[in-house]
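Visitor: Pasting the sequence and the predicted model now:
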Amino acid sequence: MIAVETRDIRYTYPANKKSKGGMALKGINLLVPKGEIFGFLGPNGSGKTTLFKILSTLIQPTDGIASILGHDLSRNTDAVRELIGVVFQNPSLDKKLTVAENLTYHGHIYGLWGRELRKRVDGQMERFGLAARRDELVERLSGGYRRRVELAKGLIHTPQLLILDEPSTGLDPVARRELWDTLAMLKKKNGITVLVTTHLGEEGDRCDCVAIMNDGMVVASGTPDALKAEIGGDVITVHSDAPETLIAQIRDKFGIHPLLVDGALRIEIMRGHEFIPQIVEAFPGQVRSVSLGKPTLEDVFIHRTGKTLWMRGEEAEMVEGRVGH
Amino acid sequence: MNRILLASLSMWRREVVRFYRDRSRVIGGLVPPIMFWFFIGSGLSGSFSVGDGPSALNYRQYFFPGTLVLIFLFTAVFSTISIIEDRKEGFLQSVLVAPVPRIAIVLGKLFGSASLAFLQGVPFLLAAPFIGLNLHAGSFLVSLLVLFGVAFSLAGVGFVIAWQLDSTQGFHAIMNMGLIPLWLMSGALFPIHNLPGWLAAVVSVNPLTYCVAALQYELFPAGSMPNLPPMWLCLSAIAGFCAMMLGVAVLVTQRGEK
């Protein structure tokens, strides 16, 4: 069974006073089977949040068709809305309300009430370890707990498809692992299909299938293992004080073509451990540091686009600052 | 239970609970208009009176209905400002992807705003007898009805503006530029007969004029304001304004979809 199918989805931002508009999605084709955890991996600006907005019925695509669990997204929006649970990147909790109130009011929006709703609210709080905090104001909760409330809220109407936008933003590593364990459990126990956006390669590894996005397009998709197998061998990263000269020298001497990524040389090669001593001996004094690794999804992204998943400079600091809290 | 009703009720309740938990807002919406009323009213009382004989009004009395409208205007309009943040990072995001008609969101918010305005403004209305104005059961009920119309329709104005903005600064600017003049030209500060032609024209198409006039009917001694528009016209104008703002607000929320 197919959970999500899109054909040639395009989205163009209208021009306004602040921006001149532009194409955020340039033809997205997806086929997501039921019961999978499907990840969209890409940096900020790759279009994954726009795709999230379309699939969660927040905006309509400029062009193309999409269906979710057999319902057309544009024509049968309300039927789709019944079946999906949405977790936003920005908190969608009311901080001035308690945990129980947030869940209850959200249930009302889905037409649930009375004893049935109370049962579901209690059940979700139990499942997410929130029972002891039911009457606490959300503004007093930590980031990890808030994210749990968001998830509980997204599940109150027992959706078949859960859509999450960068759900690990602002979470510490422990809470992040917990979140992914929860998603895996929802898939296994309840058969829920999960769509999730992320800019972290290691989160992509926890998906059954990953679509790598860049510049409004899906540049590659498949299981994480299959994607990584494309690269084959090892990835060597070399830091140097004069990276451009070193690239030219390596090219001349060994006939291979290193990429320059974020000021460092990146070499995809079989049997990397044998190659490292050769570089270091051939160019003494030019290698500041060298590292060897198995390819990650981040490497796949670099391989496909020549860019890293992370932003540089101020933006990166801002994001790191947020993650650190 | 009907889904629109349930969703609206829930949205309404959320507004009231939030308001109750955030009491600094009570002071913010109530104190400035009352200070206005007290200082302007007292200052002009010596030199200004409306009518003559036993039914003449001093300025503190004359200014009372206008102040009531101002309190309801402030509370109702500024309670819609939360929409701006709520849509981008807040509860409203998740309501927007739920299978619930947009009118439920609008109704919940407008009734919520009207309720907050009532919580703040009704105590002031109850002060009317202490400054020599009429307040018996009948005039109290009609005044409540009129004030509900004021709050509901102006919350609608706030809703429509807030829905389309992404910063709260813009909201304050637009509201102060648009609503204060509307209030000034409604008969709240000065009687509306014998005005220069252009001003009379503005006053006659201003919906707040009819709100203020209806309150003056109810609260002032009979015959003290001979030139007010008839009561049926006031009530229809208020009802029409409410219906119009409800419609526009629903249209605005539906734009960009379908």
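Guide: Thanks, I have it.
Visitor: For the residue in the stretch 51-200 of chain B positioned nearest to chain A, give its distance to residue B:36.
Guide: Proximity to chain A, evaluated over the stretch 51-200 of chain B using C-beta to the nearest C-beta, is greatest for residue B:89 at 3.4 Å. Bear in mind the C-beta positions are built from the backbone N, C-alpha and C, glycine included. As judged by C-beta to C-beta, to the nearest Å, residue B:89 and residue B:36 stand 35 Å apart.
Visitor: can you check residue B:208 too?
Guide: Distance check for residue B:208 against residue B:36: by C-beta to C-beta, it reads 16 Å.
Visitor: tell me what the longest helix seen in chain A is packed against?
Guide: The longest helix of chain A (DSSP state H) is helix A:173-190. Under the contact definition 3 or more C-beta pairs under 8 Å, 6 or more residues apart in numbering or on different chains; DSSP states H and E, helix A:173-190 sits against strand A:37-41, helix A:143-154, strand A:161-165, strand A:193-198.
Visitor: can you tell me the distance between the two ends of stretch A:252-268?
Guide: For stretch A:252-268, the first-to-last residue distance is 17 Å (C-alpha to C-alpha, to the nearest Å).
Visitor: what about dumping the CA coordinates of the longest helix of chain A to PDB?
Guide: Presented in PDB, the C-alpha positions along helix A:173-190 are these (Å, rounded to 0.1, in the frame of the first residue of the first chain):
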ATOM      1  CA  PRO A 173      21.500  14.100  22.200                       C
ATOM      2  CA  VAL A 174      19.600  12.000  24.800                       C
ATOM      3  CA  ALA A 175      16.200  13.600  23.900                       C
ATOM      4  CA  ARG A 176      17.000  13.200  20.300                       C
ATOM      5  CA  ARG A 177      17.700   9.500  20.600                       C
ATOM      6  CA  GLU A 178      14.500   9.100  22.600                       C
ATOM      7  CA  LEU A 179      12.500  10.900  19.900                       C
ATOM      8  CA  TRP A 180      13.800   8.500  17.200                       C
ATOM      9  CA  ASP A 181      13.100   5.500  19.400                       C
ATOM     10  CA  THR A 182       9.600   6.700  19.700                       C
ATOM     11  CA  LEU A 183       9.200   7.100  16.000                       C
ATOM     12  CA  ALA A 184      10.500   3.500  15.500                       C
ATOM     13  CA  MET A 185       8.100   2.300  18.100                       C
ATOM     14  CA  LEU A 186       5.100   4.000  16.500                       C
ATOM     15  CA  LYS A 187       6.000   2.400  13.200                       C
ATOM     16  CA  LYS A 188       6.400  -1.000  14.700                       C
ATOM     17  CA  LYS A 189       3.500  -1.100  17.200                       C
ATOM     18  CA  ASN A 190       0.900   1.000  15.400                       C
END
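Visitor: Give me the angle between it and helix A:143-154.
Guide: 20 degrees (axes from the mean of the first three to the mean of the last three C-alpha atoms, to 10 degrees).
Visitor: Report the angle between helix A:173-190 and strand A:161-165.
Guide: Calculated by the same axes, to 10 degrees, helix A:173-190 forms an angle of 160 degrees with strand A:161-165.
Visitor: So which bits of helix A:173-190 are buried?
Guide: Under the neighbour-count criterion of 16 or more other C-beta atoms under 10 Å in any protein chain shown, helix A:173-190 has A:175, A:176, A:178, A:179, A:180, A:182, A:183, A:186, A:187 buried.
Visitor: hang on, the earlier thing: ignoring the adjacent residues along the chain, who's closest to the residue of the stretch 51-200 of chain B closest to chain A?
Guide: Among residues not flanking residue B:89 along the chain, residue A:90 sits closest, at 3.4 Å (C-beta to C-beta, 6 or more residues apart in numbering or on different chains).
Visitor: so where is the stretch 1-150 of chain A shaky, pLDDT-wise?
Guide: Residue ranges of the stretch 1-150 of chain A with pLDDT under 70: A:16-20.
Visitor: what's the answer for the stretch 1-150 of chain B, then?
Guide: B:1, B:25-26, B:28-29, B:52-54.
Visitor: need the helices for it, in chain order.
Guide: Secondary structure of the stretch 1-150 of chain B by DSSP state H, counting those that start in this stretch: the helices cover B:3-21, B:24-45, B:59-79, B:82-88, B:91-96, B:102-125, B:137-164.
Visitor: Pick the most deeply packed of those helices.
Guide: Of all the helices of the stretch 1-150 of chain B, helix B:59-79 has the most neighbours on average by mean count of other C-beta atoms under 10 Å in any protein chain shown, namely a mean of 26.
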